[in-house]
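Student: Fold the stuff below for me.
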Amino acid sequence: MTEGTAMSIVHRARTSRGLVIGGRIVGAALIGWSAVIHLELWSEGYRHIATIGVLFLLQVISGGILALALLAAPTRFLASVSALGALFMIGSLGALVVSLTVGLFGFTESPDTEEVTTAIAVESAGFVVLLLLTGMLVGAASRARPGITSLSHTE
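Tutor: Numbering: from 1, shown residues only. Predicted coordinates:
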């Protein structure tokens, strides 16, 4: 191995590590932001809406747990945690879209609020960031163990 190749490997490892750390922080921040939006809405009156109030509170609690898990998870569990975070964000976004269109548990959300616009942006960005982080981690794991693939086939 030449010195240039070794430097290239070190540079890629540092870049990858930086992206993982950045993905953890940004993903956790976006999940936390989504949780704060739901907490504000819950405290402003959504807590009095049947079923929706409980679901908003559960979203706040689970979002807080996921955000902390993203920051604290050991590397070997990070792909699973980031995948759960991505599913959490797309699930929250999906519930919002349903409540805006056909209604959810008898409640229809108004599209004319600042919180709706912010939630759509935050949850979309969170989904993308966490999906990219998950893909990067899974890709790195499969490169580390080239003989193991999730969709391998024999010829």
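Student: Off-centre distance for the helix or strand harbouring Met89?
Tutor: Following DSSP states H and E, one finds Met89 within helix 75-101. Centre-to-centre, helix 75-101 and its host chain are 5 Å apart (C-alpha atoms, centre = their mean, to the nearest Å).
Student: try stretch 123-134
Tutor: Counting by C-alpha atoms, centre = their mean, stretch 123-134 comes out at 5 Å from the chain centroid.
Student: which outside residues touch it?
Tutor: 19-20, 23-24, 26-27, 30-31, 33-34, 78-79, 82-83, 85-86, 89-90, 92-93, 96 (C-beta atoms under 8 Å, 6 or more residues apart in numbering). In this view, the C-beta of every residue, glycine as well, is placed from N, C-alpha and C.
Student: Please pick the buried ones from those.
Tutor: 20, 23-24, 26-27, 30-31, 33-34, 78-79, 82-83, 85-86, 89-90, 92-93, 96 (16 or more other C-beta atoms under 10 Å).
Student: If you count contacts, what does the helix holding Met89 end up packed against?
Tutor: helix 3-43, helix 52-72, helix 114-144 (3 or more C-beta pairs under 8 Å, 6 or more residues apart in numbering; DSSP states H and E).
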